Every structure is written in C-alpha cells, then in structure tokens.
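Chemist: Could you look at this predicted model? Sequence included:
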Amino acid sequence: MTRLVARLVLAMLMPPVALVVVSAAHVSAFALAPVDSEVLYCGLASLGGFLVMATYWTLVWRGVVRWSRRRVVMTGIAVAASLGCGVVVYASLLWVMGSSYYNYRDQYPLWFGGLTPPLAFAVLATLVWRETPTERAERHAATGADALVCPACGYSMVGQREATCPECGARFTLDALVAAQRHNETKRFEQG
Ligand SMILES: [Zn+2]
C-alpha cells in the first residue's frame, strides 16, 4: 500500500469514525451529567469529539500540506468556523423542533450539532490545504519536475530508479513514461 492510498483510506474512514467518537462522547455525557446540565456536558463532549477528529484529519494530511503562515492562520479560522457550524446546526434544529427546554428530543439537536464540526472541518481544511497553482509551479521548478512527471498524477519522478510513481503508485514501462512526457510537452506547447 502506498502512502497516498493509506491516506485516502484513512480519509474515507473519517466520517464513520467521527460518528462513533461523537456518539460515544454524547452517550457518556448524558449518563454522567447532573440533571439540568445535559446541554453543557454534551457541548463539552462535542468539543472533545471535535478536537479528536480535527487532530485525526491533521495527522492524516499534515505531511502533504505546505504550512505557510497564511495557511496556518486559515486553518485556525477553519477550526472556529467548524465549531460555529455546529452551533448553527444545533440552534436551527432546536428552533425547528420547537423546544427550548430540556427533554429527550433535545438529544437530536445536540447530537447533530456535535457531528457537524468534525465534518465541516474536513471540508474546510481540505479547501485551505489545497496546493495553489503557484505552489505547484514552485515545487516543480525546485525539483526540476518538468523533466519527468508521472502521467497519472503529475508528480515529479526525477531521481527515481523505477518507473513506479512514489506518489500514486501507478506503474509504467519506460517507453510509456517517455511517450507520456512527449505528450505532455505537446500539450503545454498547445496551451501556450
Ligand atoms: Zn503518480
């Protein structure tokens, strides 16, 4: 399994893992909370679940993210926005269900509100962490990537001893690799 495949598997597992983590935290919070403190306890449980899942997402992707100053700041904003989304979902559902006092139905707004931040963060962080065209060009320039790239994913294959892409795992024969570079050059030429 290549690192990219491992990352993608872990990324796909994120929503079900978040479901389990947040649900378990909520069940525990409801069990432990003193009467009339359920909302507070569930809020804290949601926050804990979010921190676990945001850490998970960051650990999965941090190796391929270029941590510029701007990107670190934007990631912080994504954290705040994700928590905000959770509050909005909670408040909206509470409003829709027409109950501002505690009863068993409040568990649903709390639960959905708790599930929202991890999923919102996965979306927002992905948008923030994407490589910009400038960064891609810089990476290619730094590695001389233009000379030889993986036809499947565009990763620089300069310095490789085999015709297997270290990034996406695609395998090529040497002649196919060379032919693909020529095709790339033609395409670049045509695009001006
Ligand atoms: Zn590749």
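Modeler: Yes, it's here. The structure displayed is predicted, hence computed values, not measured ones.
Chemist: and the closest residue to Y155 other than its chain neighbours, what does it touch?
Modeler: Leaving aside its sequence neighbours, Y155 sits nearest to E167 (C-beta to C-beta, 6 or more residues apart in numbering; 3.7 Å). Placement of C-beta: from N, CA and C, glycine included. Shown in contact with E167 (C-beta atoms under 8 Å, 6 or more residues apart in numbering): T2, L4, C150, C153, Y155.
Chemist: Just read off the phi/psi values of S156.
Modeler: phi -70, psi 130 (degrees, to the nearest 10).
Chemist: Among the contacts of E167, which are located in helices?
Modeler: Secondary-structure check on those using DSSP state H: residues within helices are L4.
Chemist: just the contacts of E167 now: which is nearest A137?
Modeler: Y155 (14.3 Å; C-beta to C-beta).
Chemist: Check the gap between L19 and the ion for me.
Modeler: 32 Å (C-beta to the ion, to the nearest Å).
Chemist: hang on, isn't that residue packed against G114?
Modeler: No - the criterion here is C-beta atoms under 8 Å, and L19 misses it with G114 at 10.2 Å.
Chemist: Pick out whichever of those two has more residues nearby.
Modeler: Higher neighbour count among L19 and G114: G114, with 27 against 16, using other C-beta atoms under 10 Å.
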